[in-house]
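1. The following comprises the amino acid sequence and a computationally predicted model.
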Amino acid sequence: MRPGKTNLITDVPGLRVGNASDARVKSGVTVLLGEAPFTAAVHVMGGAPGTRETDLLAPDKMVQQVDALVLSGGSAFGLDAASGVADGLRSMGRGFPVGDQIVPIVPGAILFDLLNGGDKAWATNPYKDLGRAALASASDRFALGTEGAGTGATTRSLKGGLGSSSLVLDNGIAVGALVAVNAIGNPTGGDGAAFWAGSWEFGEEFGGLGPVTDPRPGEEPQLKEGQATTIAIVATDAALTQAEAQRMATAAHDGMARALVPSHTPFDGDLVFAAATGARKVEDPLLGPTALGHAAACCLARAIARGVYHASTAPGDPVPTWQEKFGTTMV
């Protein structure tokens, strides 16, 4: 396996990502858009999820494909971001056909960033407009760190952010991850700068510091206001059923546990969507899904570290960025 050309989830052909942020509110929205409808699934391991349309992603439900997935800040207010995306998709003529109507199905998940120092005294919920703006900006290239749904994200001791990574398997199938990191847990080990995900790093994509050498997880976890929920998407161009996509999402949670200590707590709404465009056939029905799940977990661990590594400073941040705390130069 090797990283794709851009080391982003958009190395999976047919996928684009759009971000929209509000610096004053210190929050934002990220949209994963397919050039065509794609198979989608979800798996939740956190104890406090916030979601929209996720029941439809069960393998026994009627809707098997969607046009977009949404990650948003804003806690329950952020669920309105998917409404803006749905409006935008409908104006494009995209969605689930019902008679002479088109109904966009837009699953989404939110993280809690309401207490991160931003101005939340809005008169009108801003997330619907942010969702539509994120959809309009969708591209195969996008920035990491303090962007989109990761704009106001935090972790136990460092600022969180939006991360992404990719891998291309030996058979040519592409796998990628996209994540908004906002966790009770720590992305780094002990008191050092090395990331828990360091064992899966390629080159110096998040500093090149190698694996954690101090295995202490740091201070015991404490619930801090404003820190909860890491939400992610793993994607592939493999042809998967919805049940197989769900299995890939389940396996990808291993990557979250590798990169954040602790993860999947009762206060986190940790969730992983899976997206499969279906462009490539999986030749081996046994080893194929196993390899995809392993690649998805590796990608997600790396994406989490990259999101934290690329975070930038903003006024009123409750915790420092990785760059501020460890004083190194970004590569």
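-> Perfect, I can see it now.
2. in its sheet, what does the helix-or-strand element of the chain with minimal mean pLDDT sit against?
-> Across the helices and strands of the chain, mean pLDDT, DSSP states H and E gives its lowest value to strand 96-98, namely a mean of 86. Each strand paired with strand 96-98, and its direction, by DSSP bridges: strand 101-103 (antiparallel).
3. And the next helix or strand past the strand it pairs with?
-> Per DSSP states H and E, the first helix or strand lying C-terminal to strand 101-103 is strand 108-110.
4. what's that following strand in contact with?
-> Around strand 108-110, the neighbours that count as contacts under Cβ atoms under 8 Å, 6 or more residues apart in numbering are 49-54, 69-76, 78-79, 81-82, 85, 229, 231, 269, 271, 273. Every C-beta, even on glycine, is put in place using the N, C-alpha and C of the backbone.
5. Pull out the buried members of those.
-> 49-54, 69-75, 78-79, 81-82, 85, 229, 231, 269, 271, 273 (16 or more other Cβ atoms under 10 Å).
6. Tell me which of the residues you listed fall in helices.
-> 81-82, 85 (DSSP state H).
7. Mind putting those residues into TSV with distance to residue 261 and pLDDT?
-> Conversion of those to TSV gives the following (distance: Cβ to Cβ, whole Å; pLDDT from 0 to 100):
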residue	distance to residue 261	pLDDT
81	29	97
82	31	97
85	33	97
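8. Okay, helices next: where are they in the stretch 101-250 of the chain?
-> 127-136, 242-259 (DSSP state H, counting those that start in this stretch).
9. so residue 297 is in which element?
-> With DSSP H and E as the test, residue 297 turns up in helix 287-309.
10. I'd like the average pLDDT over that helix.
-> Averaging pLDDT along helix 287-309 gives 93.
11. Pull out the buried residues from it.
-> By 16+ other Cβ under 10 Å, the buried positions in helix 287-309 come out as 288-289, 291-309.
12. Remind me what it packs against, helices and strands.
-> Contact here means 3 or more Cβ pairs under 8 Å, 6 or more residues apart in numbering; DSSP states H and E; on that basis helix 287-309 packs against strand 161-168, strand 174-181, strand 231-238, helix 242-259, helix 322-326.
13. Deepest in the core, which of those is it.
-> Of all the helices and strands packed on helix 287-309, strand 174-181 has the most neighbours on average by mean count of other Cβ atoms under 10 Å, namely a mean of 32.
14. Could you list the low-confidence segments of the stretch 201-331 of the chain?
-> 215-227, 286-287, 328-331 (pLDDT under 70).
15. for the residue nearest to residue 23 when sequence neighbours are not counted, helix, strand, or coil?
-> Among residues not flanking residue 23 along the chain, residue 314 sits closest, at 6.8 Å (Cβ to Cβ, 6 or more residues apart in numbering). Secondary structure for residue 314, judged by DSSP: H, G, I helix; E, B strand; the rest coil, is coil.
16. was I right about residue 314 contacting residue 147?
-> No - the pair residue 314 / residue 147 is not scored as a contact, 11.6 Å apart, by Cβ atoms under 8 Å.
17. between the two, who's got more neighbours?
-> residue 147 (23 against 16; other Cβ atoms under 10 Å).
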